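Colleague: What follows is a predicted structure for the sequence shown.
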Amino acid sequence: AQSVSQHNHHVILSEAASLELGCNYSYGGTVNLFWYVQYPGQHLQLLLKYFSGDPLVKGIKGFEAEFIKSKFSFNLRKPSVQWSDTAEYFCAVNALYNQGGKLIFGQGTELSVKP
Amino acid sequence: EAGVAQSPRYKIIEKRQSVAFWCNPISGHATLYWYQQILGQGPKLLIQFQNNGVVDDSQLPKDRFSAERLKGVDSTLKIQPAKLEDSAVYLCASSLGGRIEKLFFGSGTQLSVL
């Protein structure tokens, strides 16, 4: 079965530290890849997405992610985090054999940024 | 543009009781989804509607869960009877024509089953 694995359950960083959150998926075919963010008390929001083309994608608020097909990975990065980045981050995959919006989510990584 | 509306925001019930959640998607969004998010896990799709028809309900526990979208607009998800393991946040999402890159989530209903 298709699955998504996020390596870290909880990450704690100080402001200005660099961030990398790992995401691996198990499906071998063509996929669309997403990172969502959920700030405290708010709804899930799309941070960035990869459909095709340049495997390095840039999203909102200085986030970027790199799709490495050979590693089945889509890691999220940010060079310098801010306190306002404190949130939960979810990686999600849509396998293209299954059209219409079925996303498989990872279990999430909670990021705490210390001021 | 108004977002996806859900109610109630919180619900506490005892096991074996029934509960219903309501969702009003963004205007014009034909595709509506219900997700279940258990604490410490990512959201899991329960059911997907296209207008008032079911596209995917493969992960919906049909012995106790039901959902409808009678007029192709708002939707209701019901649990009857509830079990302890149903404690979760129930998220509604909608998209225009099933385009997953344009998926918008509501704030969810947090259900606690005691």
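Modeller: Ah, there it is. No experiment lies behind these values; they were computed from the predicted model shown.
Colleague: Only C-alpha atoms from now on, for both contacts and neighbour counts.
Modeller: Will do.
Colleague: residue contacts, residue 27?
Modeller: Since no chain was named, I'll use chain A. For A:Tyr27, the contacting residues are A:1-3, A:72, A:95, by Cα atoms under 8 Å, 6 or more residues apart in numbering or on different chains.
Colleague: look at chain B instead
Modeller: Going by Cα under 8 Å, 6+ apart, B:Ser27 touches B:Ala2.
Colleague: What pLDDT is listed against it?
Modeller: With respect to pLDDT, B:Ser27 has a value of 92.
Colleague: can you give me phi and psi for it?
Modeller: B:Ser27 adopts backbone torsions of phi -60, psi 130, taken as degrees, to the nearest 10.
Colleague: Distance of it relative to B:Leu96?
Modeller: 9 Å (Cα to Cα, to the nearest Å).
Colleague: residue contacts, B:Tyr90?
Modeller: B:Tyr90 sits next to B:34-37, B:108-111 when contact means Cα under 8 Å, 6+ apart.
Colleague: neighbouring contacts of stretch A:69-81?
Modeller: With Cα under 8 Å, 6+ apart, stretch A:69-81 has contacts from A:13-28, A:33, A:35, A:62-68, A:113.
Colleague: before we move on, back to that, right, and the pair among the contacts of A:Tyr27 with maximum separation?
Modeller: Spatially, the most separated pair among the contacts of A:Tyr27 is A:Ala1 and A:Phe72, at 14.8 Å (Cα to Cα).
Colleague: Could you pull out the buried residues of stretch A:55-74?
Modeller: Residues A:57-58, A:63-67, A:72-74 are the ones in stretch A:55-74 that count as buried (16 or more other Cα atoms under 10 Å in any protein chain shown).
Colleague: Can you tell me, leaving aside adjacent residues, what's nearest to the residue sitting nearest the centre point of chain A?
Modeller: The C-alpha lying nearest the average C-alpha coordinate of chain A belongs to A:Trp35 (Cα atoms, centre = their mean; 3.4 Å). With Cα to Cα, 6 or more residues apart in numbering or on different chains as the criterion, A:Trp35 has its nearest non-adjacent residue at 4.5 Å, and that residue is A:Cys91.
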